[in-house]
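Trainee: structure for this input, please:
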Amino acid sequence: MLIQFTCSNYRSIKDPVVFSMAASKDDCIKDSLISFGKGRYLRVAEVYGANGSGKTSLLDALLLMYRIVLTSNTVQPGFSILRYPHKLSKQKAPTSFSVVFEKNGVKYSYGFSYNKDGIVDEYLHYWPGVKRAVIFERTSLMDYQFADSFKKAGDNCRGRMKPNKLLLSCAANETDIPQVSAAFMFFLENLVFFRESESLFNYSMHQLKNSPQMKAEFLGFMRNIGCDLVDVKIKEGQQVLVDDAVSITTTPQMMQSSIGYELKLVYKNFEVDYREESSGVKKLFQFVCPMMDALTNNRVLICDEIEAHLHPSIVAEIIKRFCRNKDSKSQLITATHDSDLLDLNEVRRDQVWFTEMNPKTRSTDLYSLAELKNVRKDENIKKGYILGRYGAIPMLNSNFREK
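Mentor: Just a heads-up that it's a prediction; the model follows:
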């Protein structure tokens, strides 16, 4: 479960922004919350904002952190870590990422900063009880220290570290520290980034072909949204090359396969080739299986513009699936322009986030609806958003229609 993500100096994000899945004290729709320890956390968060305001930058920052963690141990000496600093930041200003999360019932905090030379600082903390405790801390390119209880195992990393490698990734491979493994596995197992791709299609085909339960749930979902799909026929085709950022076979967005698939959609009186279907149906064939997997296995599904190619009622149904999924700690985070989702009968104020481009600094500001004053519980927030009461809308030229 993701609790908080903080980043700075990445694309449109210059100064630190904090995105939190911690629920406010608001008791509205409290049945949709996740309870953990003494806290309550959101199952769904929606990020709104004008084009170019930083919605995608926020989600991509988390994606880049994820990719760096999973690939760091394979980086060759002398190679720079992938980086996209803000255009107006100082040359030596580092890019920073940090997350607070829950894994196996334990709360963790992990983060790192880096520049063109390598890792500037890095830390991994956890909460074995009420108080936070250190697992390791790194204060320069090569200077790091494990806490006393982890020091002996942590010494296995000596001689294996490089300035461009994360200690978390190295320690996950070189030590048997359970807390380090849990932190690394959070990135590997619990974060799922939806990007329409051949890889996700192959993952979905693999699931539909080999898991009767997944196939039944998929067909049930399609019927529930009004699609009269009766069955799917899948057969393995010619070999294809799938090129993703990381070669992993356990999580949906990284499912790599050298096998292509041929798909036929069976309706009541006819069948049709997948390639002849609409963009919306094609997206559902890539999206629904990762969604079902996330709902079942406590994953965080992160999707930019979830409404693309999908009817608003389908998007609303997806949101409801996560909000009502009380059997797991699954979460959905999406950047969206779909103002139909802005209904305080269905979403909490702390679920709604806004990005806005600061015209003075040319950088992204991030804030939630819950942080704004005088937003009533019965307010028409869809209307308020469109009218610009909360910011985060395009600054259209008043004479636009006359030009």
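Trainee: and D60, how far from N104?
Mentor: 28 Å (Cβ to Cβ, to the nearest Å). From N, CA and C alone the C-beta is placed, and that goes for glycine too.
Trainee: for those two, indicate the residue with more neighbours.
Mentor: Neighbour tally, D60 and N104, criterion other Cβ atoms under 10 Å: the higher count belongs to D60, 20 against 12.
Trainee: verify the assumption that the more buried one is located in a helix.
Mentor: Yes: applying DSSP: H, G, I helix; E, B strand; the rest coil, one finds D60 inside a helix.
Trainee: contacting residues for the nearest residue to it once chain neighbours are set aside?
Mentor: Leaving aside its sequence neighbours, D60 sits nearest to R11 (Cβ to Cβ, 6 or more residues apart in numbering; 7.0 Å). The neighbours of R11, taking Cβ atoms under 8 Å, 6 or more residues apart in numbering as the test, are 54, 57, 60-61, 84, 86.
Trainee: S72 too?
Mentor: S72 is in contact with 81, 164-166, 168-170, counting by Cβ under 8 Å, 6+ apart.
Trainee: again with L167
Mentor: By Cβ under 8 Å, 6+ apart, the residues touching L167 are 119, 122, 124, 136, 138, 144, 157, 161.
Trainee: need phi/psi at it.
Mentor: phi -70, psi -40 (degrees, to the nearest 10).
Trainee: outline the domain layout of this protein.
Mentor: According to automatic domain parsing, the chain comprises the domains 1-193+300-397, 194-299.
Trainee: run the chain-centre distance for the last one.
Mentor: On the basis of Cα atoms, centre = their mean, to the nearest Å, domain 194-299 is displaced by 20 Å from the centre of the chain it belongs to.
Trainee: which stretches in the stretch 301-403 of the chain count as strands?
Mentor: If you assign secondary structure with DSSP state E, counting those that start in this stretch, the strands in the stretch 301-403 of the chain sit at 331-335, 352-358, 363-368.
Trainee: now the last one: how far from the chain's centre is it?
Mentor: Okay, so that is strand 363-368. 17 Å.
Trainee: cool, and stretch 302-314?
Mentor: Put simply, stretch 302-314 sits 15 Å off its chain's centre (Cα atoms, centre = their mean).
Trainee: on that earlier part again, sitting in helices, which of the contacts of S72 do you find?
Mentor: Judged by DSSP state H, the subset of these located in helices is 168-170.
Trainee: so which of those is surrounded by the most neighbours?
Mentor: Within the ones in helices among the contacts of S72, L168 tops the neighbour count with 25 neighbours, counted by other Cβ under 10 Å.
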